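quick one, what's the 3D model for this:
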Amino acid sequence: MSDFRFLALVIRFLKPVTWIPVMWSFLCGAVASGGFGWHETIGMKFLLGMLLTGPLASGTCQMLNDYFDRDLDEINEPNRPIPGGAMSLKNATILISIWSVLSVITGYLIHPLIGLYVVIGIINAHLYSANPIKLKKRLWAGNIIVAISYLIIPWVAGEIAYHPTFTLSSLLPSLIAAGFFTLSSTGTMTINDFKSIEGDRQNGIRTLPVVFGETNAAIIAAVLINTGQLLASGYLLMMGQTLYGTVVGLLIIPQFILQFSLVRSPGTMDVRYNAIAQNFLVAGMLLCAFAIKAAKP
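Below you'll find the model as predicted:
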């Protein structure tokens, strides 16, 4: 195999499309810290943060998911590197080991506590995908732990990176906001389950679409998404950040409109919904971060 083909294979294994939410959460935490300016985007700390939350930590978790879900992917995504035969289990194990070490080191270089968060994220990935626990097959538990890893952990990491003298009270607004958006993210994780419903059903994976059916699962997902964002909006209003809170609430409207087509046809509209509607959700996250920054003394 040529170097170029091997590099392309590794990139497929790392699944870059999944990096974006984690990188965005780190950015939101950095903004909320009050110590981040846009000039920081060319600074070493920010570049390390993007490297960590993107190809390193997120990539590690995606490789772990592919490794442990290879039997499911034979049904749902047979062209993925492992079930497709392009990546051997030995090579996958080597890559996962190297990426795990690099992720922890990079996190530690930003802040020692972030190195610990990376370890927690990797543990969460094992809990989600690996038997015998495999939270993915335990209805709500899998989506919740992924949402925490995608949102709360990188958001708080961004806060700590640019506010290294943090206290629990200074982190509390970010924890609350990230917690509300974690509820919304649990809904978007449910929508992601539609693409693998057949393999999940055959292998006894109890996702919401498998247990409740596609239509009911889509309704549950929509309620979670809207509720989390409404709670975040209300929290900003309670903080006195009226403009930010109002706009975050209004951003639910286009998502709500798109949810009608999602509920009518979950199996065909899932990708389109996430591609369009999540833009409004993540915009709300960033506005929350600016509101928290503005409320800091």
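
tell me the centre residue of the protein?
Y150 (2.8 Å; CA atoms, centre = their mean).

from what I can see it touches S25, true?
Yes: in this structure, Y150 is within contact of S25 by CB atoms under 8 Å, at 6.5 Å. C-betas here are computed from N, CA, C, even on glycine.

any idea where the helices of the stretch 151-297 of the chain begin and end?
153-162, 168-192, 197-202, 208-212, 214-238, 242-250, 252-264, 266-295 (DSSP state H, counting those that start in this stretch).

any idea which of the ones you listed scores lowest on pLDDT?
Mean pLDDT is lowest for helix 197-202 among the helices of the stretch 151-297 of the chain, at a mean of 81.

by contact count, what packs against that helix?
Secondary-structure packing of helix 197-202 (3 or more CB pairs under 8 Å, 6 or more residues apart in numbering; DSSP states H and E): helix 70-76, helix 208-212.

who does the first one touch, helix- and strand-wise?
Using 3+ CB pairs under 8 Å, 6+ apart, the elements in contact with helix 70-76 are helix 197-202.

the helix it packs on: how far from the chain's middle?
From the chain centre to the centre of helix 197-202 is a distance of 22 Å (CA atoms, centre = their mean, to the nearest Å).

same question for stretch 258-267.
22 Å.

residues making contact with that stretch?
By CB atoms under 8 Å, 6 or more residues apart in numbering, the list of residues contacting stretch 258-267 from outside reads 191, 194, 197, 209, 214-215, 217-219, 221-222, 225-226, 269-270, 272-273, 276-277.

out of the helices and strands packed on helix 197-202, which is the most enclosed?
Among the helices and strands packed on helix 197-202, helix 208-212 has the highest mean neighbour count (mean count of other CB atoms under 10 Å), at a mean of 21.

quick revisit: so can I have TSV of the helices and strands packed on helix 197-202 showing distance to Y162?
Listed next are those as TSV, based on distance: least, CB to CB, whole Å:
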stretch	distance to Y162
helix 70-76	38
helix 208-212	36
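
and of those, who's closest to M44?
M44 lies closest to helix 70-76 among the helices and strands packed on helix 197-202, at 36.9 Å (CB to CB).

so which elements touch whichever helix or strand comes after that closest one?
Counting by DSSP states H and E, the next helix or strand C-terminal to helix 70-76 is helix 89-110. For helix 89-110, the elements it packs on are helix 3-14, helix 44-51, helix 57-68, helix 112-129, helix 153-162, judged by 3+ CB pairs under 8 Å, 6+ apart.

rebuild the ones you listed as TSV, extending it with mean neighbour count and distance to A294.
Converted to TSV, these look like this (neighbours: other CB atoms under 10 Å; distance: least, CB to CB, whole Å):
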stretch	mean neighbour count	distance to A294
helix 3-14	14	36
helix 44-51	17	21
helix 57-68	24	29
helix 112-129	19	25
helix 153-162	26	15
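
now I110: how far from G284?
26 Å (CB to CB, to the nearest Å).

residues touching the residue lying closest to I205 once chain neighbours are set aside, list them.
Distances taken as CB to CB, 6 or more residues apart in numbering put K137 closest to I205, at 4.3 Å, once the chain neighbours are dropped. Residues near K137 by CB under 8 Å, 6+ apart: D200, N203, G204, I205, R206, T207.

what about 10 Å?
Listed by CB atoms under 10 Å, 6 or more residues apart in numbering, the contact set of K137 reads L72, Y128, S129, N131, D200, N203, G204, I205, R206, T207, V210.

from these, which single one is nearest P173?
Distance to P173 across these (CB to CB) is lowest for Y128, with 27.8 Å.

doesn't Y150 make contact with the closest one?
No: here Y128 lies out of contact with Y150, judged by CB atoms under 10 Å, at a distance of 11.2 Å.
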